[in-house]
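Visitor: what follows is a predicted structure for the sequence shown.
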Amino acid sequence: MNNTFTRNEYMRIIEAEKELLGSAANDAKIQSNPSISTVYNIMDFSKAHSCRSSDTIGNIEHILN
């Protein structure tokens, strides 16, 4: 099945593609690093997390809070 496009249709497709690619690039540049609150939450979790090994049941994971 052959599809033909006029020049105007082709230009409309190209402009829509540029717009989509530009918005995707802008979305990717919004935040490249985690926020400070995210880092603090991860650090607090790591302080409260406990993992110990047991001979009878394997590993025991526990949140100390």
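Guide: In hand now; what should we look at?
Visitor: C-alpha only now, for contacts and for neighbours.
Guide: Will do.
Visitor: so what touches the helix or strand harbouring Ile42?
Guide: Taking DSSP states H and E as the definition, one finds Ile42 inside helix 36-48. Here helix 36-48 makes contact (CA atoms under 8 Å, 6 or more residues apart in numbering) with 63-65.
Visitor: quickly find the element holding Cys51.
Guide: Going by DSSP H and E, Cys51 is part of strand 49-54.
Visitor: buried sites along the next helix or strand after that strand?
Guide: Scanning forward in sequence from strand 49-54 by DSSP H and E, the next helix or strand is strand 58-63. Within strand 58-63, no residue counts as buried by 16 or more other CA atoms under 10 Å.
Visitor: what packs against strand 58-63?
Guide: If you count contacts as 3 or more CA pairs under 8 Å, 6 or more residues apart in numbering; DSSP states H and E, strand 58-63 packs onto strand 49-54.
Visitor: adjacent strands (with direction) for the strand it packs on?
Guide: Applying DSSP bridges to the sheet, strand 49-54 is found paired with strand 58-63 (antiparallel).
Visitor: got the angle for the strand it pairs with vs helix 36-48?
Guide: 130 degrees (axes from the mean of the first three to the mean of the last three CA atoms, to 10 degrees).
Visitor: longest helix in this protein, by number of residues?
Guide: If you go by DSSP state H, the chain has its longest helix at helix 7-28.
Visitor: show the average pLDDT along it.
Guide: Mean pLDDT, helix 7-28: 80.
Visitor: in terms of helix, strand or coil, where does Pro34 fall?
Guide: coil (DSSP: H, G, I helix; E, B strand; the rest coil).
Visitor: got phi/psi on it?
Guide: The phi/psi pair for Pro34 (degrees, to the nearest 10) reads phi -70, psi 150.
Visitor: picking up where we left off before, for the strand holding Cys51, output the C-alpha coordinates as CSV.
Guide: Extracted in CSV, the C-alpha atoms of strand 49-54 (Å, rounded to 0.1, in the frame of the first residue of the first chain):
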residue,chain,number,x,y,z
HIS,A,49,17.4,-0.6,58.5
SER,A,50,18.9,-3.7,60.1
CYS,A,51,19.9,-6.9,58.2
ARG,A,52,21.3,-9.8,60.2
SER,A,53,22.0,-13.4,59.2
SER,A,54,20.6,-16.4,61.1
